[in-house]
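Asker: what follows is a predicted protein model with its sequence.
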Amino acid sequence: MSLVIRNLQKVIPLRRIPLRRRIEILQKILDVQQFDLGVICVNNRNIQRLNSTYRQKNVPTDVLSFPFHENLKAGELPQPSFRDEYNLGDVFLGVEYIYQQCQENGEDYYSILTVTAAHGLCHLLGYQHNTEAEWEQMYQKEKQILEELNGITGANLQPLTKNHF
């Protein structure tokens, strides 16, 4: 269906076409291309506001996901009953935060942007990392989809949650 990428910040340059291509490939890998998806790029101030409101953490972050379908089990695809329900939800990317982290860690910004979007997509599909078991399940899913993406694009992307638990 539709992939909408909105850049609501002006702090960090954003090339939407390469990001769109990689997210569309991720959608195919996850077999969710029939669902609408929003990817919204925001600055530190706005991602911090969202993080404070929805997670009670008053700090900027890299990604926040807002699934359309609640209570999905990890890896379970939504089962919409109506056309209006063919929606995965929205992924907010804190691009300023991501850029700053890349600068500090010597990482490629566009690669990490893609990995972060993949992480957000996994959250929309019910994956979490609140326990070690959930983390392991999410890590394995991220690893699998990024390996498939790497095979298609020639990239060498690694999961965001690597060594995070």
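Answerer: Great, that's in hand. Note that the coordinates shown come from a computational prediction; the quantities given were computed from them, not determined experimentally.
Asker: any idea how far the host helix or strand of residue 47 is from the chain center?
Answerer: Using DSSP states H and E, the element containing residue 47 is helix 44-55. Its chain's average C-alpha position is 16 Å from that of helix 44-55, according to C-alpha atoms, centre = their mean, to the nearest Å.
Asker: tabulate the CA atom coordinates of the helix or strand just after it in CSV.
Answerer: Next along the chain after helix 44-55, taking DSSP H and E as the criterion, comes strand 63-67. Extracted in CSV, the C-alpha atoms of strand 63-67 (Å, rounded to 0.1, in the frame of the first residue of the first chain):
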residue,chain,number,x,y,z
VAL,A,63,13.1,5.6,17.5
LEU,A,64,9.5,5.4,18.8
SER,A,65,6.9,3.1,17.3
PHE,A,66,3.2,3.5,17.5
PRO,A,67,1.5,0.4,16.2
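Asker: ok and strand 63-67 relative to helix 44-55, angle-wise?
Answerer: In terms of direction (axes from the mean of the first three to the mean of the last three C-alpha atoms, to 10 degrees), strand 63-67 departs from helix 44-55 by 50 degrees.
Asker: in its sheet, what does the helix or strand just after strand 63-67 sit against?
Answerer: Using DSSP H and E, the helix or strand that follows strand 63-67 in sequence is strand 87-94. Paired with strand 87-94 in the same sheet, following DSSP bridges, are strand 36-42 (parallel), strand 63-67 (antiparallel).
Asker: possible to save these as TSV with distance to residue 75, mean pLDDT and mean neighbour count?
Answerer: C-beta: built from backbone N, CA, C; applies to glycine. Converted to TSV, those look like this (distance: least, C-beta to C-beta, whole Å; pLDDT from 0 to 100; neighbours: other C-beta atoms under 10 Å):
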stretch	distance to residue 75	mean pLDDT	mean neighbour count
strand 36-42	17	98	21
strand 63-67	13	98	19
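Asker: can you redo those strands as CSV with distance to residue 83?
Answerer: CSV is the format used below for the strands paired with strand 87-94 (distance: least, C-beta to C-beta, whole Å):
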stretch, distance to residue 83
strand 36-42, 10
strand 63-67, 18
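Asker: packing partners for the longest helix belonging to the chain?
Answerer: Secondary structure assigned by DSSP state H gives helix 132-153 as the longest helix of the chain. On a contact count with 3 or more C-beta pairs under 8 Å, 6 or more residues apart in numbering; DSSP states H and E, helix 132-153 meets helix 16-29, helix 109-124.
Asker: can you say which of those is packed in most?
Answerer: Stretch with highest mean neighbour count among these: helix 109-124 (a mean of 22; mean count of other C-beta atoms under 10 Å).
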